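A.B. asks: Just to be clear, the model below is a prediction. Sequence and coordinates:
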Amino acid sequence: MTDLVTIFHTRSDVEASVVRGLLESHGVPSVVLSHLPQSLFPMALHTPGEIGIAVHEEDADEARRIIEACSRRLATASAIAACSSTR
């Protein structure tokens with residue numbers, strides 16, 4: 001069994017769920033690490049503590065690449081949308 005490596009941090013449980021889903025959709029298993037049980041605040045948009053996404057050590061580089069690639073695509077799409085709305 002390999003060690004887990006935390007590759008992403010956020011304070012939003014929604015963002016954590018999106019990132020975890022992104023990784024899972026690319027075949028990278030992940031777990032959410034939090035100090036608060038989700039059942040205490042199941043609908044909270046922002047929890048008081050930090051939430052981490054962890055993957056197996058051998059998947060860490062690929063997981064970081066997937067997150068970075070998605071972030072770049074979102075930034076580009078936002079820039080295109082902003083330019084389009086100014087016309």
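C.D. replies: Nice, thanks for sending it over. Numbers count the residues shown, from 1 in each chain.

A.B. asks: so what's residue 58 up against?
C.D. replies: residue 2 (Cβ atoms under 8 Å, 6 or more residues apart in numbering). Quick note: C-beta positions are derived from backbone N, CA and C, even for glycine.

A.B. asks: and it, that one's in a strand?
C.D. replies: No. Secondary structure of residue 58 (DSSP: H, G, I helix; E, B strand; the rest coil): helix, not part of a strand.

A.B. asks: From residue 7, how far off is it?
C.D. replies: Going from residue 58 to residue 7 by Cβ to Cβ, to the nearest Å gives 12 Å.

A.B. asks: What of residue 62?
C.D. replies: 10 Å.

A.B. asks: How about residue 28?
C.D. replies: According to Cβ to Cβ, residue 28 stands 10 Å off from residue 7.

A.B. asks: any idea which element the residue nearest the centre of the chain lies in?
C.D. replies: Centrality entry for the chain: nearest residue to the mean C-alpha point is residue 19, 2.5 Å, by Cα atoms, centre = their mean. Per DSSP states H and E, residue 19 falls inside helix 13-25.

A.B. asks: Check residue 5 too.
C.D. replies: Here residue 5 is assigned to strand 4-10, by DSSP H and E.

A.B. asks: Would you mind giving the orientation angle of that strand with respect to helix 13-25?
C.D. replies: Counting by axes from the mean of the first three to the mean of the last three Cα atoms, to 10 degrees, strand 4-10 lies at 140 degrees to helix 13-25.

A.B. asks: What lies in contact with strand 4-10?
C.D. replies: Contacts with strand 4-10, where a contact means Cβ under 8 Å, 6+ apart, come from 16, 19, 31, 33, 50-57, 60, 63-64, 67.
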